[in-house]
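> whatever this is, show me its structure:
(2 chains)
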Amino acid sequence: MISTSSHPFHQSPLPPPANTFSSGENSMLAPSCVRFRKSGSFSVAATSCASVASRAPVSVSPASFYEILGIPIGATIEEIKAAYRGLARVFHPDVAAIDQKDLYADEFMKIHAAYCTLSDPDKRADYDRHLFPRRRSINLYSGHTCRNWETDQCW
Amino acid sequence: MAEQQAYTVASDSETTGEEKTSSAYPEIAIGIDIGTSQCSVAVWNGSQVELLRNTRNRKLMRSYVTFKDEAPAGGVSDELAHEYDMLSGAAIFNMKRLIGRVDTDPVVHASKSLPFLVQTLDIGVRPFIAALVNNMWRSTTPEEVLAIFLVELRAMAEVKLKRPVRNVVLTIPVSFSRFQLTRIERACAMAGLHVLRLMSEPTAVALLYAQQQQQSAHENMGSGSEKIALIFNMGAGYSDVAITATAGGVSQIKALAGSTVGGEDLLQNLMHHLLPNMDDLFSSHGIEQIKRMGLLRVATQDAIHKLSSDISVPIDVDLGNGTKISKVLKRTEFEEVNKEIFEKCEALIKRCLQAAKLEAEDVHDVIIVGGCSYIPKVRKIVTSICKREELYSGMNPLEAAVRGAALEGAVASGISDPFGNLDLLTIQATPLSIGIQADGSNFVPIIHQNTTTPVRKEQIFTTVHDNQAEALIIVYEGDEKTEEENHLLGYFKITGIPPAPKGVPEINVCMDIDASNVLRVFAGVMVRGTQYPPTPFMEVRMPTVDDGHGWSTQALHKTYGSTLDLVTVQKKTQH
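Okay, the predicted model is just below:
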């Protein structure tokens, strides 16, 4: 569970919730997508996530920030904010049952990281440049979720 | 009702973490706003927030506890014939300014002119606080005073609500350190209360604002009609600023800024202005001197209140012993005397706007709350920085924080409202940066100020000596560059670093703030090319410090010097 030799510091080797939740780098979409489908109240997220999932097999293609927020790639800033708030309504630990707080906290942190990048025009442009020309998979993906990617002053 | 027993001491750890109540329907947590000067309690009554009134039909109660021969009595139940009785030496107040502070803290030093005993030895331990009972200084602690007060509040709430009260949401200043939060939790535990959440005052106001916005624009639920509000809260003890982005009942805290300037500073500056040799006159804390200090305090306080509506006010007070103050005080004079305080308020608001990366024009509503919000100069500062004529008028400045806390109490208790009035969520942010001492005596933040929580961040450090086998992790909270200006949270040692030249070992320090706002620090050595660290990682729940902060860092420096130091490894770009 401690980092692999190829990416020693990408995943925090530490808190139990991370380990219980993501057994591998590319498993992240699966549980979140299942939950998107379950939550009927946010149809935007549910449909776009489902469609992405049906286009690309979940097990191979990791979630992009757009997929995490359940928004189209050309989404406007208003759409990004609305999607973030909608997902916060479902996945923020404050709305979770007491025994699921840690799980929800992990999920919310992912949603927030996606929002952080996509709501900042510069970071989004940078992210898009990496995302589109060579849509490689796991290495690229893990690079993007690496904590170093986020600036520290984002919300 | 077994747990209703008032004054029980429970362990600190008991007060954090969630608990389920055993009753059939959930207990609605009450909201408590413990102000430096006044205090109030509110609760969701099933359809709206209601402030509870004490036996004298008051919603706002003075925050103080009077020590007597028998049992101490607080401002909830106590009947004072006059304000002066509070200033006889027997009453302790301003505990919110004293709690969790050491005797080297300037705020504690400023409290030495209060009409009770605050004694400092200036070595970084807790100050000695005492009330005058039968001409003797009887010692107490801010935690104990707060606990006695909370017991009264709890009893009052239980009578009003006709049920036991255990769960509470308390409002706290933005600038409180995590160590101070543990002291508040300790006081609550002593009073038999379980802290469901500690919420900074402007964050509570932001939640009330979110609810009001949602009520007025219900059709825009979840859509992009985002409103930005700036909240400035100035009470007797603290000033806070928050900037929130609100839409569809979700209040997202964008930035927070807090400071220890408050009405108490305005009052003390004016007292010094009226009686320049005040400190000398009152330094020995004799009974007559305390009485005089009380007279001056009341006269000055009255003058400040009157200056909110009048341009000038006559002050006539006979302090006895030939000391008389008789003059007409102009509002401009009061503002000049407190120029520095007002400048600090200005800087605080500007800092918050900057941290939120917003211009004054981006703000839709400017909300000003707290006891000092009636002071014309304070309103003028806020309106001029935010470049507008009008301030938001939808809230009672003295009730906004407690109402927000009561809303949070209902939401956090899992209560729902058929009309959607509790369809609310606050996305919180950290008020202060959290980091460790590294790169010499610098403070290296790992979780930065205004980061959305829950959050997990890590940073890699390395050794400063060849074959350094151990490293000291000293955790601080704050926003100053050097470590000693920040709040110490705790320290521990990493051992078993494999022998290597300096700069080679990689020490990973990760900080995690979970959904219950608990901070954990994880640290250990990583060796490249291996899957497991050579020694187990450390997991330390912070804060670990108890009293004596000043001593402990000095002792650490004296004992270890720089032998166990760390330096940061430059952040790597993505792979």
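> and the residue of the stretch 51-200 of chain B found nearest chain A, helix, strand or coil?
Of all residues in the stretch 51-200 of chain B, B:Arg197 sits closest to chain A, at 9.2 Å by C-beta to the nearest C-beta. For the C-beta atoms, the positions are set from N, CA and C on the backbone; glycine is no exception. Under DSSP: H, G, I helix; E, B strand; the rest coil, B:Arg197 falls in the strand class.
> now B:Asn421
coil.
> quick one, what contacts it?
By C-beta atoms under 8 Å, 6 or more residues apart in numbering or on different chains, the contact set of B:Asn421 is B:47-48, B:211, B:214-215.
> which residue is nearest the middle of chain B?
B:Pro173 (2.7 Å; C-alpha atoms, centre = their mean).
> any idea how far chain A is from the nearest residue to that one once chain neighbours are set aside?
Nearest non-adjacent residue to B:Pro173, counting by C-beta to C-beta, 6 or more residues apart in numbering or on different chains: B:Tyr238, 3.8 Å away. As defined by C-beta to the nearest C-beta, to the nearest Å, B:Tyr238 lies at a distance of 23 Å from chain A.
> these two touch, right, B:Tyr238 and B:Gly262?
Yes: between B:Tyr238 and B:Gly262 there is a contact under C-beta atoms under 8 Å: 5.2 Å.
> low-confidence ranges, chain A, go.
A:1-62, A:133-155 (pLDDT under 70).
> any idea how far B:Val402 lies from B:Val369?
As judged by C-beta to C-beta, to the nearest Å, B:Val402 and B:Val369 stand 10 Å apart.
> so those two - more neighbours on which side?
B:Val402 (33 against 26; other C-beta atoms under 10 Å in any protein chain shown).
> is B:Asn233 part of a helix or strand, or is it coil?
Under three-state DSSP, B:Asn233 comes out as strand.
> need the overlap of contacts for B:Tyr238 and B:Gly262.
B:36, B:97.
> so which bits of stretch B:148-162 are buried?
B:148-158, B:160-161 (16 or more other C-beta atoms under 10 Å in any protein chain shown).
> any stretches of the stretch 51-200 of chain B with poor pLDDT?
Using pLDDT under 70, the flagged stretches of the stretch 51-200 of chain B are B:78-85.
> now do the helices in it.
Per DSSP state H, counting those that start in this stretch, the stretch 51-200 of chain B carries helices over the ranges B:95-98, B:106-110, B:142-161, B:178-190.
> turn the ones you listed into a markdown table, including distance to B:Phe492.
Rendered in a markdown table, the data for the helices of the stretch 51-200 of chain B read as follows (distance: least, C-beta to C-beta, whole Å):
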| stretch | distance to B:Phe492 |
| --- | --- |
| helix B:95-98 | 29 |
| helix B:106-110 | 28 |
| helix B:142-161 | 25 |
| helix B:178-190 | 16 |
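> so which of those helices comes closest to B:Val444?
For the helices of the stretch 51-200 of chain B, the distance to B:Val444 is smallest for helix B:178-190, at 17.5 Å, taking C-beta to C-beta.
> got the CA positions of the closest one in CSV?
Output in CSV follows, covering the C-alpha atoms of helix B:178-190 (Å, rounded to 0.1, in the frame of the first residue of the first chain):
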residue,chain,number,x,y,z
ARG,B,178,-6.3,24.5,17.1
PHE,B,179,-4.9,24.5,20.6
GLN,B,180,-7.5,27.1,21.6
LEU,B,181,-10.2,24.9,20.1
THR,B,182,-9.2,22.1,22.4
ARG,B,183,-9.6,24.4,25.4
ILE,B,184,-13.1,25.3,24.2
GLU,B,185,-13.9,21.6,23.8
ARG,B,186,-12.5,21.0,27.3
ALA,B,187,-14.8,23.6,28.8
CYS,B,188,-17.7,22.1,26.9
ALA,B,189,-16.8,18.6,28.2
MET,B,190,-16.7,20.0,31.8
